Structures are given as structure tokens and as C-alpha cells.
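A.B. asks: how would this look folded up:
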Amino acid sequence: MAAGFEVKILAPRAKGTAAPGSLLSDVLLEAGLPLSLYCGGRGICGKCRVRIVKGEVSPAGQPEARRLEGKGAGTRLACLTRVLGDLAVRVPSSSLLGEVPVLDTGIRSPLRPDPAVRKLSFEIEPPVLSDPASSVEIIERRIGKRLRYSAAAAALASTLVGRDAGRITVTLLDDAELLDVEAGDTSGRCFGAAVDIGTTTLAVELIDLRSGKSLGRTAAVNDQSPYGADVVSRISFAGAAEGNLELLAGVLRRQIDGLIAGLAGRHGVALRHIYEIVAAGNTAMGHILAGVPVKTLAAAPYHAAFADAPSLRASDLGFSVHPGCRVRLAPNLGSFVGGDIAAGLSALDLANRPGQTLFIDLGTNGEIVLKRGARTTTTSTAAGPAFEGMTIGCGMLAVPGAVHAVGWKNGPAARTIGRGPARGICGTGLIDLLAVGLRHGLVLADGRIPSRSRTIRVAPRVSLTQRDVRHLQLAVAAVRTGVRLMLGEASTTVARLDRVFVAGAFGASLDVRNAMSVGLLPTMPAAKVTFVGNASLAGARKLLLARREFGRIEAFSRSVRHLSLASSPAFQKEFVKALRLEPYR
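C.D. replies: Below is the predicted model of the structure:
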């Protein structure tokens with residue numbers, strides 16, 4: 001900006017320079033203040049209030065003066081105020097965007113909410129005989145731009161923008177589409193949902209789109225489980241008979257809808273005020289939700305029908321939220337590396353991280369991403385659902401009663417979630433038990449349990465069988481093989497890695513050294529390993545709150561190279577080596 005008037009910002013302390021006639025909002029933004037311009041600088045939302053302490057500015061127009069009536073002398077809207085001289089101004093904290101965390105793990109990656117859905121409340125004048133504008137045109141004139149709209153939205157506008165003047169609230173999508181029109185001021189009721197579609201578990205989070213705050217989360221075992229424990233078996237089922245794809249889609253849609261409805265009910269949110277849903281899942285889950293056939297994923301070259309998913313509406317999927325609610329799927333990276341991984345990479349802002357970073361998602365698919373400088377490669381390996389407690393005799397999810405940690409006191413010593421009696425064992429407990437068993441001879445490096453009973457008892461009703469160990473052995477070997485082949489393909493080594501992020505079933509409570517001792521994670525300084533929990537859900541939340549991030553992660557996804565382990569001549573040899581439960585580098 002050209003040199004001109006000095007703008008002194010007294011609180012928070014900052015300063016800027018303004019050319020004559022510059023908008024004060026532009027000056028404050030350039031000075032580094034995260035000013036709230038919720039309505040796009042149209043003077044409608046009233047969220048950019050400032051107090052002019054000293055100096056000359058343009059006079060307030062009638063609509064602005066009416067909106068600020070009773071707010072105190074010198075109070076103005078920064079987006080409607082032009083600087084006409086040197087200025088001193090105070091900006092209250094209520095006019096600044098607050099940061100919300102992306103991940104719950106302490107990794108510094110906050111964002112300031114900038115959602116695609118906004119609600120604006122304002123007074124409207126009725127049509128007159130001399131200017132019989134349509135109801136939608138009256139709204140467009142007040143907002144200052146043309147809008148797309150459905151017949152349903154036009155009908156609502158017609159009902160509310162009639163003969164009487166009054167206050168209405170409009171809901172906009174992408175600042176370009178009219179989703180809803182309501183009587184009165186409902187601008188405080190604007191919500192969205194982030195969804196992680198795991199093969200084993202679904203997780204949903206309800207978000208206040210204005211503040212970015214989470215209202216609550218819920219999770220449940222995926223109701224598709226009876227049709228196959230893993231992705232491959234679900235794909236096979238979907239193609240086995242006519243109607244199976246629709247069956248799987250219906251099961252998934254009803255469960256997501258029910259989880260959202262349950263959360264909304266617990267937090268007093270009307271379903272009609274949920275306007276956007278962002279879902280992240282593996283490639284097959286995303287296709288099934290959209291009702292797109294998955295048969296191309298069943299045979300080589302294992303390609304998807306889409307990478308950047310088509311935009312869906314709640315009415316297409318039978319969801320009970322606002323019928324115009326947009327449902328977006330995070331983009332797929334290729335074959336079986338889906339939107340859940342793209343969402344996780346978005347949450348970690350991996351595209352902008354320097355050095356060499358390894359990302360491992362320890363779910364059913366076992367997805368792995370390696371970023372080395374400007375080059376990013378990804379692959380997936382069939383780990384199966386063992387890490388999530390499935391296929392394990394006493395396995396269970398990480399809920400109260402699950403053994404989540406195992407030590408040693410003259411034998412395996414279990415600690416349970418909630419400290420109650422042990423009902424089963426979850427992923428972190430399984431890895432701990434393997435490691436403790438190896439150290440004390442209860443299980444051998446080749447996976448054999450040497451005792452006559454062929455079991456390892458960890459609690460009165462919780463034991464690991466020989467069959468269970470074999471399932472874990474295969475899952476560990478699959479991940480280990482994927483990591484080794486990916487490092488080799490990129491001509492790098494474990495020692496050169498700057499950071500390893502681990503997402504998925506284990507949350508943040510896996511013992512790093514135990515994971516290294518059984519060969520699940522490469523041997524390296526523990527400080528380099530960070531557990532990020534459900535990065536997929538965190539990424540879906542970020543994509544819901546940062547509208548420009550969708551375009552960025554789609555562009556980044558297209559630059560990622562996919563490594564097919566199935567076509568690697570070294571896979572079988574490396575996998576056999578990886579079956580030994582021992583550390584690797």
C-alpha cells in the first residue's frame with residue numbers, strides 16, 4: 001500500500017499506513033490483525049466493529065448507523081469506514097478471529113475459521129409497485145451480488161420477503177448459493193459435521209461453523225462389519241450380487257445420519273441448521289457412500305472411479321439435516337489410499353513441512369506416506385483389522401474395560417481403560433503384550449507361543465491365543481514391509497527421517513519402545529515419533545472450517561505418486577523377512 005496516513009492501533013498494539021480513502025478493514029488486515037469479516041465486508045454481519053479514538057474517517061451511512069445504534073460514540077464498522085487522515089483506533093477482541101486447534105495432540109497447527117457456509121441477518125424492505133423486484137432479487141440487492149438458488153430456497157424467500165419489512169437470515173454456500181431463508185435472526189445457528197468413515201469404526205464430530213468450536217464427538221463400530229471385516233471383503237460383497245452396493249450404501253448412510261442426529265439432539269442443535277458435512281474415508285468407503293460401483297477396485301490395476309469426489313447433497317443421501325446441506329468427500333490419493341489419508345495430511349499440513357517425513361496410518365488398510373523434500377509418495381498395505389481389536393479372540397475397541405497397557409509383575413500386568421475389570425484388549429494393549437511376551441519368553445520372534453496351552457493370559461478372562469498372535473504378526477509385517485519398500489524406492493533410510501507421524505487405531509497411547517521392539521515402527525529416537533490420533537477426523541474438521549483448504553489438498557493429492565506394493569518384485573521376500581517379531585532399522 002502506498003505511503004499516506006498513519007493508522008495507530010492502540011489495542012491490540014500494531015500500526016499501519018493507509019492511502020487516502022482506504023477501507024479501514026484493509027488497513028487492519030495488512031497490519032496483521034485477523035479481523036472478522038464474516039459477511040465478506042458488506043456491512044451486514046456487524047462483526048468488524050472498531051472504536052475510532054482520534055482522526056478523520058468517512059461518515060456512517062444510514063444502514064451502518066442503524067446497526068451500531070447504542071454501541072457507543074466512535075464505534076464503526078471497519079469494512080464500511082474509509083480513512084481520511086491520521087488515525088488512532090481500538091479493535092476489541094470480539095472483532096478478531098480466534099484460533100481453533102486442528103489436532104488434539106499438541107501439534108501446533110491452529111486455524112482461523114473461514115467456512116464455506118455463512119449466515120447473514122439483515123433488515124429487508126418489501127417490494128413496491130414502482131419497483132416490483134422478485135423476493136430473491138431483493139435479497140441479492142441487500143447482499144450485493146447475484147446468487148444461485150434452488151426452487152425450495154426461492155419458495156422460502158417468497159414466503160418471507162413479502163409485503164412487510166422485517167429481519168431475515170439467509171444462509172449462503174461459497175458466498176454464491178442461497179441455501180436457506182429464515183425469519184428473524186438465526187445467524188447464531190450454523191453448524192456442520194465432520195465424519196471419519198473407517199472400515200471398522202465411524203466417528204462424527206459436530207462443529208459450530210461460526211466459532212470453529214467442537215460441540216461433541218461420537219463413534220461406533222461400522223454397521224457394515226457383518227458384510228466383511230476388511231475393505232477387500234466389502235468390495236467383494238458389493239460386486240457379488242445386484243443390490244449389494246445399494247445395501248452397503250444404505251447401511252452406511254443410515255448410520256452416519258443416526259450418529260449426526262444423536263449428537264445434534266444431545267447438544268440442542270436443530271438438524272435443519274446443519275448445512276455442510278465433510279467426510280473422509282478410504283477409497284472404497286467413499287465410493288460406497290456416494291453409491292458409485294467399486295468393481296474397478298477389485299482387480300488390477302485397482303483404479304478408482306474418481307479422485308476428487310462429486311459434490312453431493314443431503315437429499316441425495318437421505319440424511320435428515322437441511323436438504324440443501326452439501327456433503328463433500330476428501331479427495332483420494334490413489335487405489336486404496338483414500339480421502340482419510342488426504343484429510344490427515346491436510347491436518348498435519350504435510351505439503352509445507354520441510355525435510356523427510358513419514359506418515360503411517362495404522363488402520364485396516366495400513367496406508368503409508370513418505371514426503372522427501374518436494375516429492376511425496378504413498379502406498380497401502382493390507383494390515384487388516386487386528387490393530388483395532390477385530391479378528392482377535394478377546395479384541396475390542398478402546399472403550400472402558402479394554403486392556404490398553406501391559407506391564408510385568410511376575411507375569412503380564414494389565415491396565416484397563418476406566419480401571420475396571422478387564423473385558424478384552426484393544427490395539428495398544430496387544431502391542432504391549434507382544435513386546436512383554438517377547439522379553440520374557442512367552443512368545444518367540446517367529447511368532448510361536450512355546451507354552452503347552454498356546455495362550456498368553458493377561459487377565460482372568462483375557463488371553464492371547466496362537467491364532468491371535470499370527471493375525472498380529474501378519475499385520476505388523478504388512479506395515480513394516482510397506483515402510484521398508486517405500487524407503488528403498490525413495491533411496492533414503494530410517495536414519496534420515498526427521499519425523500514419523502502415526503495415526504489411526506492407537507490414538508496417542510501406544511508405547512513407542514514396545515512398538516519398535518516388535519518391529520511395528522522403525523528403530524529411531526522416540527522423540528522423532530508423534531502419535532496424532534484420528535488425523536482423518538481432524539482433517540475433515542479442517543476442511544469443513546477452511547474453505548480454501550479443499551482446493552489446496554486436491555492440488556496436493558494430484559501431485560502425490562502412488563507406489564504399488566503388489567507390483568514390486570521385492571514384496572514377497574521383504575514380507576517373509578518382516579514376519580519376525582524383532583526391531584528393524
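
A.B. asks: can we go C-alpha only for contacts and neighbour counts from here?
C.D. replies: Will do.

A.B. asks: low-scoring pLDDT stretches of the stretch 1-150 of the chain, where are they?
C.D. replies: Low-confidence regions of the stretch 1-150 of the chain, defined here as pLDDT under 70, cover residues 1-3, 105-106, 108.

A.B. asks: Where does pLDDT dip in this protein?
C.D. replies: Applying pLDDT under 70 to the chain flags residues 1-3, 105-106, 108, 163-165, 505, 507-508.

A.B. asks: care to break it down by domain?
C.D. replies: Each domain of the chain is listed here as a residue range: 5-95, 117-183, 191-329, 348-585, per automatic domain parsing.

A.B. asks: For the third one, measure first residue to last.
C.D. replies: Distance between the two ends of domain 191-329: 17 Å, counting by CA to CA, to the nearest Å.

A.B. asks: for the longest one, same thing?
C.D. replies: One end of domain 348-585 to the other measures 25 Å (CA to CA).

A.B. asks: Mind jotting down where the helices sit in the stretch 1-150 of the chain?
C.D. replies: Here the stretch 1-150 of the chain has its helices, by DSSP state H, counting those that start in this stretch, at 24-30, 62-67, 135-143.

A.B. asks: What helices and strands are in contact with the last one?
C.D. replies: Going back to what we said before, that points to helix 135-143. The elements that helix 135-143 packs onto, with contact taken as 3 or more CA pairs under 8 Å, 6 or more residues apart in numbering; DSSP states H and E, are strand 117-124, helix 151-160.

A.B. asks: Please save the CA atoms from the next helix or strand after the last one in PDB.
C.D. replies: The first helix or strand that comes after helix 151-160 along the chain, using DSSP states H and E, is strand 166-173. Below are the C-alpha coordinates for strand 166-173, written out as PDB (Å, rounded to 0.1, in the frame of the first residue of the first chain):
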ATOM      1  CA  GLY A 166     -38.500  -7.100   8.700                       C
ATOM      2  CA  ARG A 167     -35.400  -9.000   9.700                       C
ATOM      3  CA  ILE A 168     -34.500 -12.200   7.900                       C
ATOM      4  CA  THR A 169     -31.500 -14.500   7.900                       C
ATOM      5  CA  VAL A 170     -30.000 -16.000   4.800                       C
ATOM      6  CA  THR A 171     -27.700 -19.000   4.600                       C
ATOM      7  CA  LEU A 172     -25.000 -18.800   1.800                       C
ATOM      8  CA  LEU A 173     -22.800 -21.500   0.500                       C
END
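
A.B. asks: Paired strands for strand 166-173, with orientation please.
C.D. replies: Under the criterion DSSP bridges, strand 166-173 sits next to strand 117-124 (antiparallel), strand 177-183 (antiparallel) in its sheet.

A.B. asks: looking at those, which is closest to Ala264?
C.D. replies: Of all the strands paired with strand 166-173, the one in closest proximity to Ala264, counting by CA to CA, is strand 117-124 (17.8 Å).

A.B. asks: contacts for the closest one?
C.D. replies: If you take CA atoms under 8 Å, 6 or more residues apart in numbering as the criterion, strand 117-124 is touched by 38-39, 44-45, 138-139, 142, 161, 165-175, 184-188, 190, 209-210, 275-276.

A.B. asks: Stretch 288-301 now?
C.D. replies: Where contact means CA under 8 Å, 6+ apart, the residues beyond stretch 288-301 that reach it are 232, 235-236, 238-239, 245-246, 248-249, 252-253, 284, 287, 302-305, 312, 317, 335-336.

A.B. asks: one more time with 7 Å, if that's ok
C.D. replies: Stretch 288-301 is contacted from outside by 235, 239, 245-246, 248-249, 252-253, 284, 287, 302-304, 335, using CA atoms under 7 Å, 6 or more residues apart in numbering.

A.B. asks: From those residues, pick the one nearest Ala194.
C.D. replies: Comparing these against Ala194 with CA to CA places Arg253 closest, at 14.1 Å.

A.B. asks: check which helix or strand covers that closest one.
C.D. replies: With DSSP H and E as the criterion, Arg253 is inside helix 244-266.

A.B. asks: before we move on, the earlier item: tell me the two of the contacts of stretch 288-301 that are most distant?
C.D. replies: Arg253 and Tyr302 (24.6 Å).

A.B. asks: In terms of neighbours, single out the busier of these two.
C.D. replies: For the pair Arg253 and Tyr302, the greater number of neighbours falls to Arg253 (19 against 15), based on other CA atoms under 10 Å.

A.B. asks: Can you name the residues that contact Asn222?
C.D. replies: 199-202.

A.B. asks: Leaving aside the residues adjacent along the chain, what's closest to it?
C.D. replies: The spatially closest residue to Asn222, leaving aside those adjacent along the chain, is Thr201, at 4.8 Å (CA to CA, 6 or more residues apart in numbering).

A.B. asks: show me what contacts the one you found?
C.D. replies: Thr201 makes contact with 219-222 under the criterion CA under 7 Å, 6+ apart.

A.B. asks: Filter these down to the buried ones.
C.D. replies: Among the contacts of Thr201, those scoring as buried are Asn222 (criterion: 16 or more other CA atoms under 10 Å).

A.B. asks: Save the contacts of Thr201 as CSV, and put in secondary structure and distance to Phe575 too.
C.D. replies: Listed next are the contacts of Thr201 as CSV, based on DSSP: H, G, I helix; E, B strand; the rest coil; distance: CA to CA, whole Å:
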residue, secondary structure, distance to Phe575
Ala219, strand, 33
Ala220, strand, 33
Val221, strand, 30
Asn222, coil, 29
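
A.B. asks: now, among the contacts of Thr201, which is nearest to Cys426?
C.D. replies: Sorting those by how near they are to Cys426, with CA to CA, puts Val221 at the top with 13.6 Å.

A.B. asks: for the closest one, which residues make a bridge with it?
C.D. replies: With DSSP bridges as the criterion, Val221 is bridged to Thr201.

A.B. asks: Roughly how far does it sit from Ala527?
C.D. replies: When Val221 is compared with Ala527 (using CA to CA), they lie 32 Å apart.

A.B. asks: can you check Gly429 too?
C.D. replies: Taking CA to CA as the criterion, Gly429 is separated from Ala527 by 21 Å.

A.B. asks: Likewise for Tyr302?
C.D. replies: The separation that Tyr302 has from Ala527, given CA to CA, amounts to 37 Å.

A.B. asks: Repeat that for Arg76.
C.D. replies: Relative to Ala527, Arg76 is positioned 50 Å away (criterion: CA to CA).

A.B. asks: Do a quick rundown of the strands in the stretch 1-150 of the chain.
C.D. replies: Residue ranges of the strands in the stretch 1-150 of the chain, as given by DSSP state E, counting those that start in this stretch, are 5-11, 14-18, 49-57, 75-77, 83-90, 117-124, 148-149.
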